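1. need a 3D model of the following:
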Amino acid sequence: MILFIHQNFPGQFMHVTRALHAAGTHKLLALTSSANQRSPLVPVRHYHWRSTERAESSPGKHYAECASRGAAVADALLGLKAEGLTPDLVIGHGGWGETLFVRDVWPDTPLLLHAEFFYRGHGLDVGFDPETSPPDLTRTTRLARARSVVMLQALTDASHGVAPTHWQADTFPACLRQKIDVIHEGIDTGIAVPNPAASLTLRRDGVHLRPGDEVVTYVARNLEPYRGFHIFMRTLPAILAARPNARIIIVGGDGVSYGPRPAPERTWRQVLLKELAGRLDMTRVHFVGRVPHVRFIELMQLSAAHVYLTYPFVLSWSMLEAMSAGALVIGSRTGPVEEVIEGGRNGVLRDFFDVAGIADAVIQALAEPARFMAIRRAARQTVLDRYDLKRICLPAWLNLIDRVAAMR
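-> Next up, the predicted model:
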């Protein structure tokens, strides 16, 4: 039996869980938070845990929260053990403390850890953006250290780790890097595929988008600085002025996934719209919220220019899916993006903070679409060669699972 542990299961384990379920070679079980309401792919049990403190308020409280969550997971695991269940392999995410006490319950069971990112006090996301760095950077640095301690303990206890990109794996200390394989979760290139006949209607705004339209897209789970939302918004006055037929489609929620929140009772969207008041033609700027995956793919198939910006942090699936769908990605010249995009060959790179340069790149893409067709084709080929789900990533994942399971 393989046991998955993830507070938002299936999370990063979606594709491999489906593959294992379809193969039928392993009995599968998932343990997830009772707050997770997603439809299960496999039988699911829940652990019960609720935050009592604001984890971001201090390093000590953050670590205490992770340990508390880990203890709740351990209680659930002891319940499974009392039922006579002993997994052949546990696969979990190390970032929230869920796996901290797995080895105390099953000392001999191999543990495969998703090693997504190792926080550091400087040189990565912390302090990268002076505009959003808090006045007390020392406290933020200490919090990053507390987060890294959780992952350090989790990976030390794990039999092996897996990271989706080399850049993310290389954030870990050298002494642990050697036990991390680099395998991306995979992009389904049969779904994220170019479609010159794609079309999409924004019913709320009464807008129908067709191939050849000057569609500029931006996508993030939440609209926030970690994904360069503030930089992107500041490019819009120049883009809209230079291209009177351009439409800006912005996908994402108004919450915060990473980093600081804006002033109380405000969202980053409100902050930027206030800053840019009177400078945007809002009849051509469309905030569509979060959309189903099929709609996201249709947008990428229609996109004339897709802007993807990120701090030195975890790389989003959306950038690779956009490339697979044939979109022209205009990305930030930051480590996670540069691992995939070579400027001028399979995408366009600009400095994260270069508002004028990003705007100019978008304007050129809208003005001369034929000039960028070879780049679009190369972008898809990059994903086919390195991140294809069925040919590359799933076989590598399944091979790793067999290897780690054999470590018992």
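2. so which strand or helix has Glu65?
-> For Glu65, the host element (DSSP states H and E) is helix 59-82.
3. run through the neighbouring helices and strands of that helix.
-> strand 28-33, strand 44-47, helix 102-105, helix 137-157 (3 or more Cβ pairs under 8 Å, 6 or more residues apart in numbering; DSSP states H and E). For the C-beta atoms, the positions are set from N, CA and C on the backbone; glycine is no exception.
4. how distant is the helix or strand following it from the center of its chain?
-> Toward the C-terminus, helix 59-82 is succeeded by strand 89-93 as the next helix or strand (DSSP H and E). Computed by Cα atoms, centre = their mean, to the nearest Å, the chain-centroid distance of strand 89-93 equals 19 Å.
5. next: stretch 261-279.
-> 24 Å.
6. just the pLDDT for the residue nearest to Glu338 when sequence neighbours are not counted.
-> Leaving aside its chain neighbours, Glu338 sits nearest to Leu349 (7.0 Å; criterion: Cβ to Cβ, 6 or more residues apart in numbering). We have a pLDDT of 98 for Leu349.
7. list the contacts of Leu349.
-> 330-333, 337-338, 341, 343 (Cβ atoms under 8 Å, 6 or more residues apart in numbering).
8. quick check: next helix or strand after the helix or strand of the chain with the lowest mean pLDDT?
-> Of all helical and strand segments in the chain, the minimum by mean pLDDT, DSSP states H and E falls on helix 137-157, at a mean of 83. Next along the chain after helix 137-157, taking DSSP H and E as the criterion, comes strand 160-163.
9. so what are the sheet partners of that next one and their directions?
-> strand 111-114 (parallel), strand 180-182 (parallel) (DSSP bridges).
10. all the helices of the stretch 251-400 of the chain, residue numbers only.
-> 268-275, 293-302, 317-324, 335-338, 355-367, 373-386, 394-405 (DSSP state H, counting those that start in this stretch).
11. elements contacting the last one?
-> It refers to helix 394-405. So helix 394-405, by 3+ Cβ pairs under 8 Å, 6+ apart, packs with helix 14-23, strand 89-93, strand 111-114, strand 160-163.
12. pretty sure His46 sits against Gln37.
-> No - His46 is not in contact with Gln37 according to Cβ atoms under 8 Å; the separation is 10.5 Å.
13. related to what we said a few turns ago, the residue nearest to Glu338 pairs with what?
-> Gly331.
14. what's the neighbour count on Glu368?
-> 9 (other Cβ atoms under 10 Å).
15. how much space separates it from Arg203?
-> Plainly put, Glu368 is 31 Å away from Arg203 if you go by Cβ to Cβ, to the nearest Å.
16. again, but for His48
-> For His48, the distance to Arg203 - Cβ to Cβ - is 40 Å.
17. check Pro164 too.
-> With Cβ to Cβ as the criterion, Pro164 and Arg203 are 35 Å apart.
18. quick one on the thing from earlier: export the helices and strands packed on helix 394-405 as CSV, with columns for mean neighbour count and distance to Ala405.
-> What follows is the helices and strands packed on helix 394-405, written out as CSV (neighbours: other Cβ atoms under 10 Å; distance: least, Cβ to Cβ, whole Å):
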stretch, mean neighbour count, distance to Ala405
helix 14-23, 17, 12
strand 89-93, 25, 4
strand 111-114, 25, 8
strand 160-163, 24, 10
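19. so who does the closest residue in space to Leu20 that isn't next to it in sequence touch?
-> Using Cβ to Cβ, 6+ apart and skipping residues adjacent in sequence, the residue nearest Leu20 is His26, 5.5 Å away. By Cβ under 8 Å, 6+ apart, the contact set of His26 is 1-2, 20, 88.
20. and the nearest residue to Pro43 once chain neighbours are set aside, what are its bridge partners?
-> Of all residues not flanking Pro43 in the chain, Leu29 sits nearest, at 5.4 Å (Cβ to Cβ, 6+ apart). Beta-bridge partners for Leu29, by DSSP bridges, are Leu3.
21. you'd agree Leu29 is up against Val42?
-> Yes - the criterion here is Cβ under 8 Å, and Leu29 meets it with Val42 at 6.6 Å.
22. make sure Leu315 is actually in contact with Glu338.
-> No - in this structure Leu315 lies outside contact range of Glu338 using Cβ under 8 Å: 10.3 Å.
23. ok, back up a step: and the residue nearest to Glu338, how far from Gly331?
-> From Leu349 to Gly331 the distance is 6 Å (Cβ to Cβ).
24. mutual contacts of the two, please.
-> With Cβ under 8 Å, 6+ apart, Leu349 and Gly331 have common neighbours 337, 341.
25. can you tell me the centre-most residue of the protein?
-> Nearest to the geometric centre of the chain sits Ser316, at 3.6 Å (Cα atoms, centre = their mean).
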